[in-house]
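Undergrad: Pasting the sequence and the predicted model now:
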Amino acid sequence: MSSSKSKVVDVHTHMYPPAYVELLESRKTIPLIRRFAGADDPRYVILPAEVEALEKIIASGDDASSSAAHLPGRPVTSHFSSIEQKLHFMDTHGIDISVISLANPWLDFVASADAGETAKTVSQDFSRMCEAAEGRLYFFATLPLTAPPETLLASIGHIRSLRYCRGVILGTTGLGNGLDDPALVPILHALAANRLPIFLHPHYGLPSEVWGPRATEEYGHVLPLALGFPMETTIAVARMYLAGVFDAVPDLRMLLAHSGGTLPFLAGRIESCVAHDAHFDGGSSGTPTRRTIWQVLREQIYLDAVIYSEVGLRAAIDASGGTPDRLLFGTDHPFFPPPRDGDAQGLWESVTWNAAAVKGALGEGSAAAAKVMGGNAVEVLRLYEE
Ligand code: 5CU
């Protein structure tokens with residue numbers, strides 16, 4: 001592990017507390033956890049693109065003859081819920097601190113009347129996990145977005161008092177109409193006022209039709225995860241920008257998953273389209289007052305470094321104003337374990353690729369690399385404050 005001066009911090013790492021696993025096991029439609037006769041581990045099925053395969057196997061009534069590679073979803077291993085396993089994974093990869101979060105689709109599917117209590121239970125589970133890990137774990141809480149507004153606001157009052165909570169993880173749907181919904185603004189104000197940054201994470205991707213008829217049978221999860229997730233994040237943030245949400249809530253801070261999707265690459269195109277569109281001509285004075293998307297990226301947005309290549313990481317740094325100060329290392333554990341018969345207790349390439357990209361782009365042992373690997377997270381998420 002590293003010295004106290006250069007902590008390695010993982011800001012993108014998920015956990016499934018017991019209450020959430022039970023909830024998923026009780027479900028018949030996605031998201032769900034289900035056992036199949038052909039596999040040792042239960043399967044976690046969440047993506048809209050997996051529904052067809054799930055329905056097919058249920059309709060055939062024959063799940064014993066399907067090999068794991070052809071079962072829908074991904075195996076639910078000890079990496080999903082065990083604190084000991086999380087700490088082992090951290091030790092194996094030289095990670096000092098992890099900021100854990102519930103994974104997608106969070107509580108998006110929970111009935112309005114139950115959402116407040118479920119969110120509270122999940123936050124209490126996370127608090128207990130952090131307490132047990134003696135300073136090595138913090139967490140992003142989950143909001144009860146389907147609950148009535150007063151319950152949702154009260155939940156922010158609850159989580160801000162939790163010792164290890166350092167922000168919230170949020171999907172792109174918000175209250176149901178996306179993150180440019182005016183009804184969400186009071187929630188964003190409450191988060192900003194309580195210094196709770198949003199970790200924005202995708203789930204819904206793009207409509208399954210865009211992947212074509214061969215995707216389900218032949219391409220696994222590649223298209224929805226590699227392309228659908230990043231586009232979803234890009235679109236969500238672009239909508240917030242166009243709606244003026246960042247100006248309306250200037251103290252809001254957001255950490256974007258997967259290095260901001262495709263924002264670093266497309267920010268120039270967004271800026272050009274805005275500059276050439278009559279909807280954004282600066283009003284009657286003719287003087288544009290809006291901040292550019294580049295400014296918003298430099299002032300209110302942080303990007304995780306879960307991009308797996310130097311090329312992507314350099315683009316993310318460039319889009320953040322050319323400084324490494326806004327990039328934060330992450331792993332996406334427990335997703336992307338070593339494939340096939342790989343050793344899930346050893347090194348994961350999905351982690352080493354991200355660490356190698358930081359070294360390659362910023363120089364091994366450099367101060368800039370140390371910031372991305374942990375220094376920025378310690379500052380931005382106040383990991384030194386009790
Ligand atoms: O493999 C996957 O489906 C996922 C997922 O759902 N969420 C995530 O953060 N990474 C991978």
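TA: Right, received. Where do you want to start?
Undergrad: what are the ranges of the strands in the stretch 1-150 of the chain?
TA: For the stretch 1-150 of the chain, strands defined by DSSP state E, counting those that start in this stretch occupy the ranges 9-14, 32-34, 43-45, 74-75, 97-101, 137-142.
Undergrad: got JSON lines for those, with mean neighbour count too?
TA: Yep, even glycine has a C-beta here, placed from its N, CA and C like the rest. What follows is those, written out as JSON lines (neighbours: other CB atoms under 10 Å):
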{"stretch": "strand 9-14", "mean neighbour count": "26"}
{"stretch": "strand 32-34", "mean neighbour count": "21"}
{"stretch": "strand 43-45", "mean neighbour count": "23"}
{"stretch": "strand 74-75", "mean neighbour count": "18"}
{"stretch": "strand 97-101", "mean neighbour count": "25"}
{"stretch": "strand 137-142", "mean neighbour count": "26"}
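Undergrad: Can you add distance to the ligand and mean pLDDT and give the ones you listed back as JSON lines?
TA: Below are those laid out as JSON lines (distance: least, CB to the nearest ligand atom, whole Å; pLDDT from 0 to 100):
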{"stretch": "strand 9-14", "distance to the ligand": "6", "mean pLDDT": "98"}
{"stretch": "strand 32-34", "distance to the ligand": "13", "mean pLDDT": "95"}
{"stretch": "strand 43-45", "distance to the ligand": "8", "mean pLDDT": "93"}
{"stretch": "strand 74-75", "distance to the ligand": "6", "mean pLDDT": "90"}
{"stretch": "strand 97-101", "distance to the ligand": "9", "mean pLDDT": "98"}
{"stretch": "strand 137-142", "distance to the ligand": "13", "mean pLDDT": "98"}
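Undergrad: Give me the nearest residue to residue 181, chain neighbours excluded.
TA: residue 174 (5.3 Å; CB to CB, 6 or more residues apart in numbering).
Undergrad: Show the pLDDT at that neighbour.
TA: pLDDT for residue 174: 98.
Undergrad: Need phi/psi at it.
TA: Dihedral pair for residue 174: phi 60, psi -130, per degrees, to the nearest 10.
Undergrad: got a list of what it touches?
TA: Taking CB atoms under 8 Å, 6 or more residues apart in numbering, we find residue 174 in contact with 145, 181, 184.
Undergrad: The second one: neighbour count?
TA: Right, residue 181. 17 (other CB atoms under 10 Å).
Undergrad: And the pLDDT for it?
TA: Residue-level pLDDT assigned to residue 181 equals 98.
Undergrad: of the contacts of residue 174, closest to residue 235?
TA: residue 181 (14.0 Å; CB to CB).
Undergrad: The closest one is in contact with residue 175, isn't it?
TA: Yes. If you go by CB atoms under 8 Å, residue 181 and residue 175 touch, sitting 5.8 Å apart.
Undergrad: ok, back up a step: turn the strands of the stretch 1-150 of the chain into CSV, including distance to residue 260.
TA: Converted to CSV, the strands of the stretch 1-150 of the chain look like this (distance: least, CB to CB, whole Å):
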stretch, distance to residue 260
strand 9-14, 12
strand 32-34, 30
strand 43-45, 26
strand 74-75, 24
strand 97-101, 17
strand 137-142, 17
